[in-house]
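In: generate coordinates for the sequence data below:
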Amino acid sequence: MVAEILCVGTELLLGDIVNTNAAYLSKQLAALGIDVYHQSVVGDNQGRLRDSLKNAFSRADIVIMTGGLGPTYDDLTKETVAEYFSLPMELHEESKKRMLEYFARRGTTPTPNNLKQALMPAGAVVFENDTGTAPGLAVEKDGKVAVLMPGPPFEMQAMFEGSVRPWLLKFSDKVLVSRTVHIAGIGESAVEHRLKDMMLAHTNPTVAPYAKQGEVQLRVTAAAKTREEAYAMTLPVLEEIREAVGEYIYGIDVGTQENAAVSLLREKRLWIATAESCSGGLLSKRITDIPGASEVFRLGVCAYADAMKVKVLGVGQDTLDRVGAVSEEVAAEMAAGVRRLAGADIGVGITGIAGPSGGTEEKPVGLIYVAVDSERYRAVEKYLPAHRQGGGRDHLRYMATQMALRMVLRALKEY
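Out: Sure thing, here's the model as predicted:
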């Protein structure tokens, strides 16, 4: 069956709130084997909501809606759905009871508009809300299905996982399994050049590229009757991808480079330390964001001032005088220095010009050097964006850490 996601809320249209619900629901519906071809957002206006619902049902069998279930006058999602299906609104006694108990526990009295949330289209399946006051519901009539859930993401996700997903299973005749191949060190166009014929040839599983900051992901998706069968179908395709771009693959289904790095460091029982200038500690943050990082991360130094590079990391003053702080040599000495200082197995050094000022013709904004130092692998790489200003300060910092993590993973292959 085909589903469409319709999110309700003027705050979404104004950009006051990021629509994370659509991304979450797309992933969940894909995992259930329910196809999604369209998503849309509509404000809290009954006329426009009515039109959006009609358009959605012209394309889909199931419309999954979030938002507009609250107690205020502009929360009209249930009423609009009831009108579409020509159903009267009725008081759902169990929802009223739960709502009164909720307010009693809080020591407050509900206002009349709170009880509006207990009104449901006649015959609706009601989903309890264990994290808020607005129940969800589903209406099924004439081959069309509407599923309504609250707008707040934590309420919606809890309801979907606890009640809606099991209810939707009856509409799925297949299971989708997606595997993600994580690639770094090569651009999206180069990946497509190597794999285009294979991508076009495969229809089940499908292979689709996704460009992210500093890396490329390939999504391999198979459809089958069971999860085990679909998983098995992905394996030969993954092997084809390895043969084509294997030297750039840093993992499959690993999430991020920092996830992969921490996992390998733990597996190999190695310690890492970082010395950062232009990245401002972002590399150490990304590593320590991962659970279990305390087993592998020994020290992080953020040394902006040249004097601190000398005093703390042991960078040579003569090196700084000769080639400057943003140089291959200083990056290498920072990596070696922090490794020595921490007694770590792998040291990383990052230096560069994140801008927007500070660049020169010889050393423009965006110039970055990253070094990795270990007993088995030593390397320095240069990054210089093709466009002026390099996408901004935050982007340059992120790209520096992407390059650093890629080099760390390369170093780990030597152990």
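In: which secondary structure element contains the nearest residue to Tyr84 once chain neighbours are set aside?
Out: Distances taken as CB to CB, 6 or more residues apart in numbering put Leu53 closest to Tyr84, at 5.5 Å, once the chain neighbours are dropped. In this view, the C-beta of every residue, glycine as well, is placed from N, C-alpha and C. According to DSSP states H and E, Leu53 maps onto helix 46-59.
In: helices or strands up against the following helix or strand past that helix?
Out: On the C-terminal side of helix 46-59, the closest following helix or strand by DSSP H and E is strand 62-66. Packing partners of strand 62-66 (3 or more CB pairs under 8 Å, 6 or more residues apart in numbering; DSSP states H and E): strand 2-8, helix 20-31, helix 46-59, strand 144-149.
In: tally of neighbours for Asn114?
Out: Around Asn114 sit 19 other residues, with neighbours defined as other CB atoms under 10 Å.
In: list the buried residues in the host helix or strand of it.
Out: According to DSSP H and E, Asn114 maps onto helix 112-115. By 16 or more other CB atoms under 10 Å, the buried positions in helix 112-115 come out as Asn114.
In: same check, this time on stretch 214-230
Out: Buried residues in stretch 214-230 (16+ other CB under 10 Å): Gly214, Glu215, Val216, Gln217, Leu218, Val220, Thr221, Ala222, Ala223, Ala224, Ala230.
In: of those residues, which belong to helices?
Out: Ala230 (DSSP state H).
In: from the buried residues of stretch 214-230, which two are the most distant?
Out: The distance between the two most remote of the buried residues of stretch 214-230 (CB to CB) is 33.3 Å, for Gly214 and Ala224.
In: tell me which stretches of the stretch 51-200 of the chain form strands.
Out: 62-66, 89-91, 119-121, 125-127, 136-141, 144-149, 175-183 (DSSP state E, counting those that start in this stretch).
In: what strands line up against the fourth one, and which way round?
Out: Counting by DSSP bridges, the strands paired with strand 125-127 are strand 136-141 (antiparallel).
In: what's the answer for the first one, then?
Out: Sheet neighbours of strand 62-66, with direction, are listed as strand 2-8 (parallel), strand 144-149 (parallel) (DSSP bridges).
In: tell me what angle the last one forms with helix 20-31.
Out: For strand 144-149 against helix 20-31, the angle by axes from the mean of the first three to the mean of the last three CA atoms, to 10 degrees is 130 degrees.
In: what does the first one give?
Out: With the same axes, to 10 degrees as the criterion, the two stretches strand 2-8 and helix 20-31 enclose an angle of 170 degrees.
In: next one: strand 2-8 to chain centre, how far?
Out: For strand 2-8, the separation from the chain centroid amounts to 20 Å (computed by CA atoms, centre = their mean, to the nearest Å).
In: what comes up buried for that strand?
Out: For strand 2-8, by 16+ other CB under 10 Å, it's Ala3, Glu4, Ile5, Leu6, Cys7, Val8.
In: repeat that for stretch 290-301.
Out: Ile290, Ala293, Val296, Phe297, Arg298, Leu299, Gly300, Val301.
In: measure that stretch end to end?
Out: Using CA to CA, to the nearest Å, one end of stretch 290-301 lies 18 Å from the other.
In: pLDDT on that stretch, on average?
Out: This predicted structure assigns stretch 290-301 an average pLDDT of 97.
In: cool, and stretch 11-28?
Out: Mean predicted lDDT for stretch 11-28 stands at 94.
In: mind listing residues that contact it?
Out: 5, 7, 9, 36, 39, 41-43, 64, 66-67, 151, 153, 156-157, 160, 165 (CB atoms under 8 Å, 6 or more residues apart in numbering).
In: drop anything exposed from those.
Out: Using 16+ other CB under 10 Å as the burial test, those include 5, 7, 9, 36, 39, 41-43, 64, 66-67, 151, 153, 156-157, 160 as buried.
In: quick one: Gly324 and Leu384, what's the gap?
Out: Note on Gly324: its distance to Leu384, by CB to CB, to the nearest Å, is 15 Å.
In: number of nearby residues for Lys144?
Out: Look at Lys144: counted by other CB under 10 Å, it has 15 neighbours.
In: what's the least confident helix or strand in the chain by mean pLDDT packed up against?
Out: The weakest-scoring helix or strand in the chain, judged by mean pLDDT, DSSP states H and E, is helix 112-115 (a mean of 82). Helix 112-115 sits against helix 93-106, with contacts defined as 3+ CB pairs under 8 Å, 6+ apart.
In: buried residues in the helix it packs on, which are they?
Out: Neighbour-count burial for helix 93-106 flags Ser95, Lys96, Arg98, Met99 (criterion: 16+ other CB under 10 Å).
In: repeat that for stretch 67-86.
Out: 67-71, 75-85.
In: do the same with stretch 272-280
Out: Residues of stretch 272-280 classed as buried: Ile272, Ala273, Thr274, Ala275, Glu276, Ser277, Cys278, Ser279, Gly280 (neighbour count, 16+ other CB under 10 Å).
In: ok so, going back, just the buried residues of strand 2-8 now: which is nearest Gly355?
Out: Ranked by distance to Gly355 (CB to CB), the buried residues of strand 2-8 are led by Cys7 at 36.8 Å.
In: thought that closest one was touching Thr66?
Out: Yes. In this structure, Cys7 is within contact of Thr66 by CB atoms under 8 Å, at 5.1 Å.
In: any common contacting residues for these two?
Out: With CB under 8 Å, 6+ apart as the test, Cys7 and Thr66 both reach Asn21, Gly151.
In: kindly provide the distance from Val296 to Arg393.
Out: Counting by CB to CB, the gap from Val296 to Arg393 is 28 Å.
In: give me the nearest residue to Val301, chain neighbours excluded.
Out: Ala275 (4.7 Å).
In: run through the bridge partners of that neighbour.
Out: Counting by DSSP bridges, the residues bridging with Ala275 are Val301, Gly349.
In: contacts only, for it.
Out: Gly300, Val301, Ala303, Leu313, Met334, Ala335, Gly337, Val338, Gly347, Val348, Gly349, Ile350.
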